[in-house]
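> here is the input, now give the coordinates:
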Amino acid sequence: MNGRRYLVRHARAEAKSASGDAARRLTPEGAADFERHVRSLAADLHVSRVVTSPLDRARETGRILAAAAGAGLVAEASAELSPGASDARQVLALAARLGPGAALVGHNPELGDAVSALAGRRVDFPPGAVAALDVAGNGPRLAWLRAP
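The predicted model follows:
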């Protein structure tokens, strides 16, 4: 299926603590920076579905993205985007399967590896970064990458 998809790394989150990695939330600054970043991309984002990792920081990032996309969009969680659940190839296959307008919100190294594979070289994919993929019959192509 043709069309644009998006890979989104969760925004800046709290440092790892004794309560564990899964409980980490976005920092207030990370949430505010990501909201500004997404609003600056409004003309280039055509999101119709937001799918996130089930971890708090990804779900929070997905809610911000969904709110910016408008039309009552609600982020949904998928275990396939959990850290370590999928490799770069599987992430790209999921993006293709979800269809045009899908935004996948997850973690590094999986998302960074997927973007790097499309770029043909190692690229930095920092917290809050958004990559647009054009998916056609010959596979996905990196259209653009923007970081906050």
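
> which strands and helices sit next to the helix or strand of the chain with the lowest mean pLDDT?
Lowest on mean pLDDT, DSSP states H and E among the helices and strands of the chain sits strand 75-77, with a mean of 89. Applying 3 or more CB pairs under 8 Å, 6 or more residues apart in numbering; DSSP states H and E, we find strand 75-77 packed against strand 49-52, helix 56-69. Placement of C-beta: from N, CA and C, glycine included.

> list the residues that contact G106.
Shown in contact with G106 (CB atoms under 8 Å, 6 or more residues apart in numbering): L7, V8, R9, H10, T52, S53, A58, L81, S82, P83, V91.

> so what touches whichever strand or helix holds the first one?
The reference is to L7. Taking DSSP states H and E as the criterion, L7 maps to strand 3-9. The contact list for strand 3-9 (CB under 8 Å, 6+ apart) reads 45-47, 61-62, 65, 91, 95-96, 98-108, 111-112, 114-115, 125-135, 140, 143.

> JSON lines please, covering the contacts of G106 and showing neighbour count and distance to V38.
Shown next, in JSON lines, are these (neighbours: other CB atoms under 10 Å; distance: CB to CB, whole Å):
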{"residue": "L7", "neighbour count": "29", "distance to V38": "14"}
{"residue": "V8", "neighbour count": "28", "distance to V38": "9"}
{"residue": "R9", "neighbour count": "26", "distance to V38": "13"}
{"residue": "H10", "neighbour count": "29", "distance to V38": "13"}
{"residue": "T52", "neighbour count": "27", "distance to V38": "14"}
{"residue": "S53", "neighbour count": "27", "distance to V38": "17"}
{"residue": "A58", "neighbour count": "29", "distance to V38": "14"}
{"residue": "L81", "neighbour count": "26", "distance to V38": "18"}
{"residue": "S82", "neighbour count": "18", "distance to V38": "23"}
{"residue": "P83", "neighbour count": "15", "distance to V38": "22"}
{"residue": "V91", "neighbour count": "22", "distance to V38": "20"}
